[in-house]
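Colleague: quick one, fold the following:
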Amino acid sequence: MTGQQVHKLRILANWRRIVPTMVTLSALFFGFASILSTIEAMRLGAPALLARSAQYIMLALILDGLDGNVARWLKGTTEFGAELDTFVDFLAFGVAPAALLYVMLIHGPSPFWRTILPSAIVFSGALRLSRFRLKDPLRGQGGFIGLPITVNSSWIALAAFAAQIMYPEEHILVTGPVSIVFQFLILVMISLQLSNLRYPKPSNKVRFFAPAVLVVLLLWILSETYAAWIATVLVFGCLVYVLTGPMIHKRSAMRQQQHIEGK
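Modeller: Alright, predicted model coming up:
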């Protein structure tokens, strides 16, 4: 093999690694854009920007699921990409939803609570991701240990988006009976993030991931009213995953074991 051929192979190999990395960095960008949009909402006194913050988190979620698939399709998986993905997860699905929730809770009665709950989201996310790096070398391919950090961030973002569109002046996620359920389930989810329950990873299956991409894009394409209703349905989808995920993973693991034993 000539030196020129070796050089071309190196370029090809780098290309296979660069494309997934650019997708990961795009997820990082939208996570940071969510934080900036949240800051602007507070600075300008424009709560409508919180819906945009929520949309950015959901875009980051799709890109975060896409980068791993792209890396596998292109055979460009690297340790660098895996490490970078962890930092993206912390920013986009730990810090960004915590910042969004903090600004929402400014309209609540307790300055203490609006500091504690977002802080708990950040702490739980950091602990979850640190344990993920140490205890899950397969990075969720065989199922997550603990609830994925993306579920709680989706719960917050989708609920915030739907509430801002459907009830822009009522702050239903901050005060009143709906807010109690909403915030209580945040506590449940950040606790489950640190549990030993196993959850399936649907993003590595195209039949689940492709419809999710389409639905999230509809949040941008459709009118605000229709998008809000879709977000509401997805909120309940998050809850279903939280409740049924361990059972689904257990059944899937049993089927795989039976398949292996049957060979």
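Colleague: got a list of what the residue lying closest to Thr115 once chain neighbours are set aside touches?
Modeller: Distance criterion C-beta to C-beta, 6 or more residues apart in numbering; nearest residue to Thr115, sequence neighbours excluded, is Tyr102 at 7.5 Å. From N, CA and C alone the C-beta is placed, and that goes for glycine too. Neighbouring residues of Tyr102 by C-beta atoms under 8 Å, 6 or more residues apart in numbering: 114-115, 118.
Colleague: need the buried ones from those residues selected in PyMOL.
Modeller: Buried members of the contacts of Tyr102, defined by 16 or more other C-beta atoms under 10 Å, are picked up in PyMOL with:
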select buried, resi 114+118
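Colleague: in the protein, which residue is most central in space?
Modeller: Thr150 (2.8 Å; C-alpha atoms, centre = their mean).
Colleague: for this protein, which helix or strand comes out least confident on mean pLDDT?
Modeller: helix 206-221 (a mean of 78; mean pLDDT, DSSP states H and E).
Colleague: other residues contacting that helix?
Modeller: The contact list for helix 206-221, computed with C-beta under 8 Å, 6+ apart, reads 55, 58-59, 61-62, 65-66, 69, 161, 202-203, 226-227, 230-231, 234.
Colleague: of these, closest to Ser195?
Modeller: Pro202 (18.8 Å; C-beta to C-beta).
Colleague: measure the closest one to Pro211 for me?
Modeller: Counting by C-beta to C-beta, to the nearest Å, the separation of Pro202 from Pro211 is 10 Å.
Colleague: what about those two, which has more around it?
Modeller: Legend: neighbour count by other C-beta atoms under 10 Å for Pro202 and Pro211, higher for Pro202 (16 against 11).
Colleague: so, low pLDDT: which residues of the stretch 51-200 of the chain?
Modeller: 76, 133-142 (pLDDT under 70).
Colleague: repeat that with 50
Modeller: Judged against pLDDT under 50, the stretch 51-200 of the chain has no low-scoring part.
Colleague: about what we covered before: who's in contact with the residue nearest to the centre of the chain?
Modeller: Taking C-beta under 8 Å, 6+ apart, one finds 61, 64, 89, 93 in contact with Thr150.
Colleague: who wins for most neighbours among these?
Modeller: Of these, with other C-beta under 10 Å as the count, Phe93 tops at 30 neighbours.
Colleague: now do the contacts for the closest residue in space to that one that isn't next to it in sequence.
Modeller: For Phe93, ignoring the flanking residues on the chain, the nearest one in space by C-beta to C-beta, 6+ apart is Ser153 at 3.8 Å. Neighbour list for Ser153: 57, 61, 92-94, 96-97 [criterion: C-beta under 8 Å, 6+ apart].
Colleague: report the two of the residues you listed separated the most.
Modeller: It's Leu61 and Gly94 that sit farthest apart of those, by C-beta to C-beta, at 12.6 Å.
Colleague: which pLDDT does the model give Leu12?
Modeller: You'll see Leu12 listed with a pLDDT of 53.
Colleague: quick one: distance of the very next helix or strand once past the least confident helix or strand of the chain to the chain centre.
Modeller: Per DSSP states H and E, the first helix or strand lying C-terminal to helix 206-221 is helix 224-262. Averaging C-alpha positions (C-alpha atoms, centre = their mean, to the nearest Å) puts helix 224-262 15 Å from its chain's average.
Colleague: in helix 224-262, which residues are buried?
Modeller: By neighbour count on 16+ other C-beta under 10 Å, the buried set for helix 224-262 is 227-228, 230-232, 234-235, 237-238, 241-242, 245-246, 249.
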